[in-house]
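Enquirer: this one's structure only:
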């Protein structure tokens, strides 16, 4: 039985009586065990549920609550997959955590993705092939990439760094780092889904990369070699084999495909994030829904200003995705984020067969994923200002994707004709930033997860919590250090 938060409430904790204590207070549902030596603010006197130095949630809603509320030792700002993962991983290690966001968990960028958890995501957009493809992308007509010229000019140094970091020497540093982060996240997802009671959201049927021509298939040889190097299970398929595996696909459209077997998919990303958030709350964490306005250091602590008042804690984790730069710049922390915007649209399945796994049409640059009640069609990248209205090139990009998807399989008109639009925050080296800021003591950063926050969130949260708690990290933190960008 999973504790169900009332996300319409301003405050959600395992004892809802904690609402009366106001922002910045925590009333854990039960005294939880941790290892004997962790970071500041950790519980130290529990006696059950300990597994490899972390709390294993037992979801005992009948356990006695603490007799008095406890102030949080850390505030986690941002309740997407990354922020929720940080909050839960910190709480597992006994820290008193308050998670803060203006929206309900998982309803921002984390809710808008294609729901793919894939080892194949270790290849970033800025790879050695990008420079060779650039002339075909620069005309602003490709379904893979659209851009606002004013954004490109205004962010030219960052984008130049992005291209430069696609050279082979940098790529060979990024790929193993992402491989480690994605691989550990897959392990944690399986564990956390079991703990949170949401394993039914996951499918382990892999996903498909589809090629419309023999030339496109031949061009995937480099990708397949990389997958083999990193042990990512995959299988090449003929057009006939594709139709046997996915009879929902229309005959004659795709010449061949690549079945990425080392992959899972999630039928509703927002529900997954909320299940993790509920588990965090049930483990004694607190969720505060409030609009963040400002972050400032005050007398050795951190004060967060919101529309619900102020709250403070000795340490703060900033996991605000594309909004991170807004809150960090006033602190003199300049994060070189690139806003890669994307859209999705929900389509009603039609025809005798339904798609059973996500597909990626490599020519049309869309991903189509079977969700709980619909197909989700996601587009390629648009480089544009985060809050800019939907541009004409981006609208054309979605129309291209809809036309191509209509060639591929049957679907009915979308019940929601206005597409979802969001930004995917990317750093020039395509690696997220996870760790304590080199500019401010007690300021922890977990941001820049580009397109793969769902695939890398749990391990990012675990890594941050291990560094925060003085534990030996499960993976090498060096490639993700904020220091590499002077942050």
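Expert: Okay, I see it. Computed from a prediction, not measured in an experiment: that's the story for all the values here.
Enquirer: every contact and neighbour count from this point should use C-alpha atoms.
Expert: Will do.
Enquirer: ok, now which ones touch residue 238?
Expert: Contacts for residue 238 were tallied using Cα atoms under 8 Å, 6 or more residues apart in numbering; they are 255, 256, 257.
Enquirer: repeat that with 10 Å
Expert: Residue 238 makes contact with 211, 244, 254, 255, 256, 257, 258, according to Cα atoms under 10 Å, 6 or more residues apart in numbering.
Enquirer: residue 126 now?
Expert: 161, 162, 163, 164, 165, 166, 167, 170, 171, 428, 429, 430.
Enquirer: phi, psi for it please.
Expert: phi -90, psi 80 (degrees, to the nearest 10).
Enquirer: relative to residue 166, how far out is it?
Expert: Taken as Cα to Cα, to the nearest Å, the spacing of residue 126 relative to residue 166 amounts to 5 Å.
Enquirer: likewise residue 313?
Expert: 39 Å.
Enquirer: now residue 451
Expert: To residue 166, residue 451 is 16 Å away according to Cα to Cα.
Enquirer: repeat for residue 345
Expert: When distance is defined by Cα to Cα, residue 345 is 30 Å away from residue 166.
Enquirer: over to residue 405?
Expert: For residue 405, the distance to residue 166 equals 30 Å [Cα to Cα].
Enquirer: residues contacting residue 83?
Expert: When the contact criterion is Cα under 10 Å, 6+ apart, the partners of residue 83 are 76-77, 89, 99-101, 105-106, 273, 277, 317-321, 445-447, 457-458, 460-461.
Enquirer: how about a cut-off of 6 Å?
Expert: Counting by Cα atoms under 6 Å, 6 or more residues apart in numbering, residue 83 touches residue 319.
Enquirer: what stretches of the chain score poorly on pLDDT?
Expert: Using pLDDT under 70 as the threshold, the predicted model of the chain has low-confidence ranges 1-70, 415.
Enquirer: now with 50?
Expert: Low-confidence segments of the chain (pLDDT under 50): 1-4, 15-68.
Enquirer: tell me where it has helices.
Expert: Secondary structure of the chain (DSSP state H): helices at 81-92, 130-137, 149-154, 156-164, 168-196, 214-218, 221-229, 239-245, 269-282, 324-328, 392-408, 453-469.
Enquirer: out of those helices, deepest packed?
Expert: Among the helices of the chain, judged by mean count of other Cα atoms under 10 Å, the one packed with the most neighbours on average is helix 81-92 (a mean of 30).
Enquirer: quick one: distance of it to the chain centre.
Expert: Taking Cα atoms, centre = their mean, to the nearest Å, one finds helix 81-92 lying 12 Å from the centre of the chain it belongs to.
Enquirer: likewise for stretch 106-124?
Expert: For stretch 106-124, the separation from the chain centroid amounts to 6 Å (computed by Cα atoms, centre = their mean).
Enquirer: what lies in contact with that stretch?
Expert: 80-81, 175, 178-179, 263-266, 269-270, 273, 422, 455.
Enquirer: what's the end-to-end length of that stretch?
Expert: Stretch 106-124 has its terminal residues 23 Å apart, counting by Cα to Cα.
Enquirer: do stretch 302-316 as well
Expert: With Cα to Cα as the measure, stretch 302-316 spans 7 Å from end to end.
Enquirer: report the distance from that stretch to the chain centre.
Expert: Distance of stretch 302-316 from its chain centroid, counting by Cα atoms, centre = their mean, is 24 Å.
Enquirer: work out the gap between the strand ranked longest in the chain and the centre of the chain.
Expert: Ranked by residue count under DSSP state E, the longest strand found in the chain is strand 338-349. In this view, strand 338-349 has its centroid 15 Å away from the chain centroid, taken as Cα atoms, centre = their mean.
Enquirer: ok, now stretch 421-437?
Expert: Its chain's C-alpha centre and that of stretch 421-437 lie 10 Å apart, by Cα atoms, centre = their mean.
Enquirer: before we move on, the earlier item: need the buried ones from the contacts of residue 238 selected in PyMOL.
Expert: Here is the PyMOL command that selects only those of the contacts of residue 238 that count as buried (16 or more other Cα atoms under 10 Å):
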select buried, resi 211+254+255+256+257+258
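Enquirer: JSON lines for the contacts of residue 238, including distance to residue 218?
Expert: Supplementary listing: those in JSON lines, determined by distance: Cα to Cα, whole Å:
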{"residue": "211", "distance to residue 218": "9"}
{"residue": "244", "distance to residue 218": "22"}
{"residue": "254", "distance to residue 218": "14"}
{"residue": "255", "distance to residue 218": "11"}
{"residue": "256", "distance to residue 218": "10"}
{"residue": "257", "distance to residue 218": "11"}
{"residue": "258", "distance to residue 218": "11"}
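Enquirer: ok, so of the contacts of residue 238, who is nearest residue 236?
Expert: residue 258 (4.6 Å; Cα to Cα).
Enquirer: quick one: contacts for the closest one?
Expert: Residues in contact with residue 258 (Cα under 6 Å, 6+ apart) are 208, 209, 235, 236, 237.
Enquirer: the contacts of residue 126 into a markdown table, with extra columns for distance to residue 154?
Expert: Shown next, in a markdown table, are these (distance: Cα to Cα, whole Å):
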| residue | distance to residue 154 |
| --- | --- |
| 161 | 14 |
| 162 | 14 |
| 163 | 16 |
| 164 | 17 |
| 165 | 19 |
| 166 | 21 |
| 167 | 23 |
| 170 | 24 |
| 171 | 25 |
| 428 | 15 |
| 429 | 19 |
| 430 | 20 |
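Enquirer: pull the residues that contact stretch 379-386.
Expert: With Cα under 6 Å, 6+ apart as the contact definition, stretch 379-386 has outside contacts at 144, 145, 146, 147, 148, 151, 340, 341, 342, 343, 365, 366.
Enquirer: now do stretch 165-177
Expert: Among residues not part of stretch 165-177, those counted as contacts by Cα under 6 Å, 6+ apart are 122, 126, 127, 128, 429.
Enquirer: and the fourth one, how many neighbours does it have?
Expert: To tie it back to what came earlier, the one meant is residue 128. 19 (other Cα atoms under 10 Å).
Enquirer: residues touching it, list them.
Expert: Taking Cα under 6 Å, 6+ apart as the contact definition, residue 128 lies against 166, 167, 168.
Enquirer: what does the third one give?
Expert: Shown in contact with residue 127 (Cα under 6 Å, 6+ apart): residue 166.
Enquirer: how much space separates it from residue 80?
Expert: The spacing between residue 127 and residue 80, counted by Cα to Cα, is 27 Å.
Enquirer: same check, this time on the last one
Expert: Plainly put, residue 429 is 22 Å away from residue 80 if you go by Cα to Cα.
Enquirer: those two - which one has more neighbours?
Expert: Under the criterion of other Cα under 10 Å, the comparison of residue 429 against residue 80 puts residue 80 first, with 29 against 24.
Enquirer: how many neighbouring residues does the closest residue in space to the more buried one that isn't next to it in sequence have?
Expert: In space, residue 80 comes closest to residue 106 once its chain neighbours are excluded; the distance is 4.7 Å by Cα to Cα, 6 or more residues apart in numbering. Residues lying near residue 106 (other Cα under 10 Å) number 26.
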